[in-house]
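K.L.:
fold the following.
(chains A, B, C and D)
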2 protein chains.
Amino acid sequence: MTNREKIKQEALKLFAEFGYHQTSVRMIAKNVGIRESAIYNHFPSKKDLFLELVHDGKKRVQAASYINEEMLELLNNPELFFTQFIDKVIEVWTKLEERMFTKMMIQAKFNSSVEFDLTLNDLFAGISNILEIVFEELRNYGYIKDYDNELLSEQFLAPLVVLKFRFLINNFFDKEQVLNYARKHASFFWEQIKL
Amino acid sequence: MTNREKIKQEALKLFAEFGYHQTSVRMIAKNVGIRESAIYNHFPSKKDLFLELVHDGKKRVQAASYINEEMLELLNNPELFFTQFIDKVIEVWTKLEERMFTKMMIQAKFNSSVEFDLTLNDLFAGISNILEIVFEELRNYGYIKDYDNELLSEQFLAPLVVLKFRFLINNFFDKEQVLNYARKHASFFWEQIKL
DNA sequence: GTCTATAAGGAGATAGAC
DNA sequence: GTCTATCTCCTTATAGAC
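P.N.:
Below is the predicted model of the structure:
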């Protein structure tokens, strides 16, 4: 791993834990094992380093896949589909890099310090889009009651978003516990909307 | 208004907007119209000032009432009850002081900088407790399906929490729009759980 | 590419006059 | 209680040797 990559890795870790402003270039350098000034050989400024992390994370978030071919074929068994979908979402969300990125993003969003081109909605857009397609299909099959796709998507997602925020803040989570919680909510949701 | 009160007012405003660390004692003093050193006549340190704001906010949150006698009598008309309950919650949540305090809290919680004695759950404990009582009553009356009170409470609350986070981040909201969104979700929720 | 040294400025906090 | 002046430390960033 090059020093440039190490810098990005440590920066993400520290930005996520302490926030952008509370993380100094000195801290990043120390964690990498180089001097502060060496960082400026790779990035013109602290802000540019941050923006590159945002850019990387944005691409990763947009590329994240919460669904595959096999799962789409499970749509005729919605309960099973949702179980697998939830597992996939939690699997992606609990990856260390994803957690650090989201935490860094949310902190930056809350205090209007650094401007950057990624909204909170962008973080959940991938899942929302899939959900709306899924509900459309389920409705066509006559499996669910007739509600607005967007409303259904928000209702399904909200408890998961709250769950995610909670474990990001606590900086600790038991993956099994998170999974159980998410499955319970998905199961409740399905019970409500099924025909 | 005394200078001490002014200091607290401006500090809350700035901590909410920029976060604890990104707000300097100098900024607070400037907004009040005094010199930095004068602040130390009222508070031994920046941290103490912050902790006093947390203490005040905590008391306010714990004292917040989302329900009254008349509303409890509406429990035999749950749909109307939930409409009024939602209106009350949004009314409390959209108050300037409440918004600033919550935003300050969440920022402080996300970057584990200052330690203080208030969890994110505390912020929503008041509403959760009422909801669990409400669901207990509604079940006794035979109005709703038999689900765990805690699960129902979380499902009801989650979309509202997400809504709150969203408008805190955007720092702007149209109260009518927020109300419509909240009512729509409450109405959906009621449709699902009613017998 | 990394180092040492340093600049320039902002931070929290204090001393002492009024 | 507020002021001016100041201390000490930490910040981002740069210059120039190796």
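
K.L.:
helix or strand: which one has A:Tyr147?
P.N.:
Secondary-structure element containing A:Tyr147, defined by DSSP states H and E: none, the residue being outside all helices and strands.

K.L.:
stretch A:51-63 near DNA strand C at all?
P.N.:
No - using CB under 7 Å from any atom of the strand as the criterion, no contacts between stretch A:51-63 and DNA strand C are found, and the smallest distance is 14.2 Å. C-beta: built from backbone N, CA, C; applies to glycine.

K.L.:
so for that stretch, mean pLDDT?
P.N.:
Looking at stretch A:51-63 alone, the average pLDDT works out to 97.

K.L.:
how about the nearest residue to A:Phe15 once chain neighbours are set aside, what does it touch?
P.N.:
Leaving aside its sequence neighbours, A:Phe15 sits nearest to A:Met104 (CB to CB, 6 or more residues apart in numbering or on different chains; 4.4 Å). Contacts were defined as CB atoms under 8 Å, 6 or more residues apart in numbering or on different chains; by that measure A:Met104 touches A:Leu12, A:Phe15, A:Ala16, A:Gly19, A:Tyr20, A:Leu53, A:Gly57.

K.L.:
rerun that using 10 Å as the cut-off
P.N.:
Residues touching A:Met104, when contacts are defined by CB atoms under 10 Å, 6 or more residues apart in numbering or on different chains, comprise A:11-20, A:23, A:50, A:53-54, A:57, B:110-111.

K.L.:
do the same with A:Glu52
P.N.:
Contact analysis of A:Glu52 by CB under 10 Å, 6+ apart lists A:Arg4, A:Ile7, A:Lys8, A:Ala11, A:His42, A:Phe43.

K.L.:
now the helix or strand harbouring it: buried residues?
P.N.:
Using DSSP H and E, the element containing A:Glu52 is helix A:46-63. Within helix A:46-63, the residues that qualify as buried by neighbour count (16 or more other CB atoms under 10 Å in any protein chain shown) are A:Lys46, A:Leu49, A:Phe50, A:Leu51, A:Glu52, A:Leu53, A:Val54, A:Gly57, A:Lys58, A:Val61.

K.L.:
now find how far off-centre the helix or strand bottoming out on mean pLDDT in chain A is within its chain.
P.N.:
Counting by mean pLDDT, DSSP states H and E, chain A has its least confident helix or strand at helix A:69-72, which shows a mean of 90. The gap between where helix A:69-72 is centred and where its chain is centred comes out at 21 Å by CA atoms, centre = their mean, to the nearest Å.

K.L.:
which residues does it contact?
P.N.:
Surrounding helix A:69-72, the residues in contact under the criterion CB under 10 Å, 6+ apart are A:Leu80, A:Phe81, A:Gln84, A:Phe85, A:Lys88, A:Ile130, A:Ile133, A:Val134, A:Glu137.

K.L.:
the fifth one against A:Ser65, yeah?
P.N.:
Yes - checked against CB atoms under 10 Å, the pair A:Lys88 and A:Ser65 is within contact range at 8.3 Å.

K.L.:
more neighbours: those two, which one.
P.N.:
A:Lys88 (18 against 9; other CB atoms under 10 Å in any protein chain shown).

K.L.:
what about the more buried one, which SS state?
P.N.:
Secondary structure state of A:Lys88, per DSSP: H, G, I helix; E, B strand; the rest coil, is helix.

K.L.:
swap in A:Glu115?
P.N.:
For A:Glu115, the assignment made with three-state DSSP gives coil.

K.L.:
now do the contacts for it.
P.N.:
A:Lys47, A:Leu51, A:Ala108.

K.L.:
for the second one, list the residues it contacts.
P.N.:
Think A:Leu51. The neighbours of A:Leu51, taking CB under 10 Å, 6+ apart as the test, are A:Phe43, A:Ser45, A:Val114, A:Glu115, A:Phe116, A:Asp117.

K.L.:
DNA strand D: which of the contacts of A:Glu52 is nearest?
P.N.:
When the contacts of A:Glu52 are compared for distance to DNA strand D (CB to the nearest atom of the strand), A:Phe43 comes out closest, at 8.0 Å.

K.L.:
which residue is the nearest non-sequential neighbour of that closest one?
P.N.:
For A:Phe43, the closest residue by CB to CB, 6+ apart turns out to be A:Leu49, at 4.2 Å.

K.L.:
shared neighbours of A:Lys88 and A:Ser65, anything?
P.N.:
Common neighbours of A:Lys88 and A:Ser65 (criterion: CB under 10 Å, 6+ apart): A:Ile130.

K.L.:
just checking, A:Gln107 touches B:Gly19?
P.N.:
Yes - A:Gln107 is within contact range of B:Gly19, at 8.2 Å (criterion: CB under 10 Å).

K.L.:
mutual contacts of these two, please.
P.N.:
In terms of CB under 10 Å, 6+ apart, A:Gln107 and B:Gly19 are both contacted by the residues A:Gly19, A:Tyr20, A:His21, A:Gln22, A:Ser113, B:Ile106, B:Gln107, B:Phe110, B:Asn111.

K.L.:
for the first one, which non-adjacent residue is spatially closest?
P.N.:
The spatially closest residue to A:Gly19, leaving aside those adjacent along the chain, is B:Asn111, at 3.8 Å (CB to CB, 6+ apart).

K.L.:
hang on, the earlier thing: ok now the strand or helix carrying the residue nearest to A:Phe15, how far from the chain's centre?
P.N.:
With elements taken from DSSP H and E, the one containing A:Met104 is helix A:96-110. When C-alpha coordinates are averaged (CA atoms, centre = their mean), helix A:96-110 and its chain have centres 8 Å apart.

K.L.:
got the buried residues for it?
P.N.:
Quick answer for helix A:96-110 (16+ other CB under 10 Å): A:98-110.

K.L.:
ok, stretch A:136-148 next?
P.N.:
Result for stretch A:136-148 [16+ other CB under 10 Å]: buried residues A:Glu137, A:Leu138, A:Arg139, A:Tyr143, A:Ile144, A:Tyr147.

K.L.:
and what of stretch A:1-19?
P.N.:
A:6-19.

K.L.:
same check, this time on stretch A:157-168
P.N.:
Result for stretch A:157-168 [16+ other CB under 10 Å]: buried residues A:Leu157, A:Ala158, A:Pro159, A:Leu160, A:Val161, A:Val162, A:Leu163, A:Lys164, A:Phe165, A:Arg166, A:Phe167, A:Leu168.
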